[in-house]
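In: Structure of the sequence below:
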Amino acid sequence: MFRLMRFTSYNQGIGHIFGTKARQTSVGATAFLSGNARMASLLPTAMRMASLQKDCAAALPPMFGMCDVLSFEDTQLVLATPTSAVAAKLKQQLPKLQAALTKRGWQVTNIKLKVQVTRSIAPAVHTRQLDFPPTAVAAFAELGDTLPATPQNATLIAAIKAMAARRR
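Out: From the prediction side, this is the model:
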């Protein structure tokens, strides 16, 4: 069953695929899909999956916000979970989810969970350099001079000396 999304005709313009996390991303994806005749055939499927994602999010508690719909074929829904702990908790919610989706018109007879670990924490970006007091710079310079000059220490000594030289 296809569900009506934001617009009824794909020629009306670019719209937001509900259920996607970032509006800008979904608008770009919609524009890409509708701009190419071959890719435009994927737009109804993408909109259907986004609608299913939205309905799953509405039926589940907020703690399952990181779960995503992977596929929905032959009445089998496959959800991605970020950790096995979330999957274990979500497993308890599956009857409630199935009932809620059935009530919204989705014919779901089976729900499978797949753990897909993703990078959940963005890498730290440092925008400024740390200021070392002169005594710290002198201590690093002394450390670079006093470490034993072995092949294992060569890279460390070079890095310490370079850092001390930049800070002077």
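
In: Just to check, residue 141 is in contact with residue 163?
Out: No: counting by CB atoms under 8 Å, residue 141 stays clear of residue 163, with 9.1 Å between them. For the C-beta atoms, the positions are set from N, CA and C on the backbone; glycine is no exception.

In: More neighbours: those two, which one.
Out: residue 141 (17 against 14; other CB atoms under 10 Å).

In: ok, that one - contacts?
Out: Residue 141 sits next to 160, 161, 164 when contact means CB atoms under 8 Å, 6 or more residues apart in numbering.

In: what helix or strand is residue 49 on?
Out: helix 43-59 (DSSP states H and E).

In: which non-adjacent residue is nearest residue 109?
Out: Excluding the flanking residues, the one nearest residue 109 by CB to CB, 6 or more residues apart in numbering is residue 75, at 4.3 Å.

In: after the helix holding residue 49 comes which helix or strand?
Out: Next helix or strand after helix 43-59 toward the C-terminus (DSSP H and E): strand 68-73.

In: Now tell me what touches that next one from outside.
Out: For strand 68-73, the external contacting residues (CB under 8 Å, 6+ apart) are 19, 48-49, 52-53, 56, 77-80, 106, 108, 114, 116.

In: Need the max-distance pair from these.
Out: By the measure CB to CB, 106 and 116 form the most distant pair in the contacts of strand 68-73, at 21.8 Å.

In: neighbour count winner among these two?
Out: Between residue 106 and residue 116, residue 106 has the larger neighbour count (other CB under 10 Å), namely 20 against 14.

In: Who are the contact partners of that one?
Out: Contact analysis of residue 106 by CB under 8 Å, 6+ apart lists 1, 52, 55, 72, 77.

In: Let's see that with 10 Å instead.
Out: Contacts for residue 106 were tallied using CB atoms under 10 Å, 6 or more residues apart in numbering; they are 1, 3, 48, 51-52, 55-56, 59, 72, 75, 77, 98, 100.

In: from those, which would you call buried?
Out: Burial by neighbour count, 16 or more other CB atoms under 10 Å: within the contacts of residue 106 this picks out 48, 51, 52, 55, 56, 59, 72, 77, 98, 100.

In: All good on my end, thank you.
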